[in-house]
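Trainee: dropping a prediction and its sequence here:
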Amino acid sequence: MSSKNPADSPACAHECAPRKGFSRRTFLEGVGVGAGAVGAIGTAKPARADSNDPVGPGPVAISLNINGERKDLEVEPRVTLIDALRNQLDMTGAKKVCDRATCGACTVIVDGAPVYSCTMLAIEAQGRRIETIEGISTEDSMHPVQTQFVKHDAQQCGFCTPGLVMAGKAVSDRSSRPSMADVEAGLCGNICRCGTYVGVRKAVYEAARA
């Protein structure tokens, strides 16, 4: 059976004739004009945390309570908390590693509980109390968990350390006398690729009891 080129078909002889109405060119021109108009408007609609009204898909204005300070920013509704922290607010302590809630490097504390910030949308975090590694110490003093991390050489490469410290802080905040089993349970969602689990557990255990 011989193959035929579709261009050899008599029906294709009419394809070269000018067409009236909506064409690909006019479509693209219309898209360009429409995009320019949207860009000219350029004002982000504030998104309330207690509202069920749909927002987006463009950037919306939100306000976050981070380490006791109000942070105003504009993000698309799809932006996660970790991306807002790192890309919008230049708070790079929490690390974006697996981006699928398995390693814990992006752990922050939200309303007293450790949270993978790669799994929470920034817009969802409005009205909640967010704590990050940047807010638990000063230039003059470290948080007890950080102090014990140094004592027990628990930081190693340091890439997972911020998430482990925040998870450890959540453990010590919950109880001043946790058992080692409590510590292990509180840290079970965080991976240390250097394998310093013994030092990390001792650090959190002693920090909570200090």
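Mentor: Cool, the structure landed.
Trainee: rest of the way, CA atoms for contacts and neighbours
Mentor: Noted.
Trainee: how many residues are close by Arg201?
Mentor: Using other Cα atoms under 10 Å, the number of residues around Arg201 comes to 24.
Trainee: please apply the same query to Gln148.
Mentor: Gln148: 25 neighbours (other Cα under 10 Å).
Trainee: next, it: secondary structure please.
Mentor: Look at Gln148: counting by DSSP: H, G, I helix; E, B strand; the rest coil, its state is helix.
Trainee: and it, how far from Arg201?
Mentor: Per Cα to Cα, to the nearest Å, Gln148 is found 10 Å from Arg201.
Trainee: again with Thr161
Mentor: 12 Å.
Trainee: how about Ala170?
Mentor: Spatial separation of Ala170 from Arg201 under the definition Cα to Cα is 13 Å.
Trainee: likewise Thr132?
Mentor: 20 Å.
Trainee: let me know the average pLDDT across stretch 185-201.
Mentor: For stretch 185-201, the mean per-residue pLDDT is 96.
Trainee: straight-line length of that stretch, end to end?
Mentor: This stretch, stretch 185-201, spans 10 Å end to end (Cα to Cα).
Trainee: tell me which residues in it are buried?
Mentor: Neighbour counts over stretch 185-201 (16 or more other Cα atoms under 10 Å) mark 186-187, 189-192, 197, 199-201 as buried.
Trainee: so which residues make contact with that stretch?
Mentor: 102-105, 149, 152-157, 160, 163-164, 167-168, 170-171, 180, 183-184 (Cα atoms under 8 Å, 6 or more residues apart in numbering).
Trainee: farthest-apart pair in the buried residues of stretch 185-201, please.
Mentor: Greatest spacing in the buried residues of stretch 185-201, by Cα to Cα: Gly189 and Gly199 (16.3 Å).
Trainee: break the protein down into its domains, please.
Mentor: 45-135, 144-209 (automatic domain parsing).
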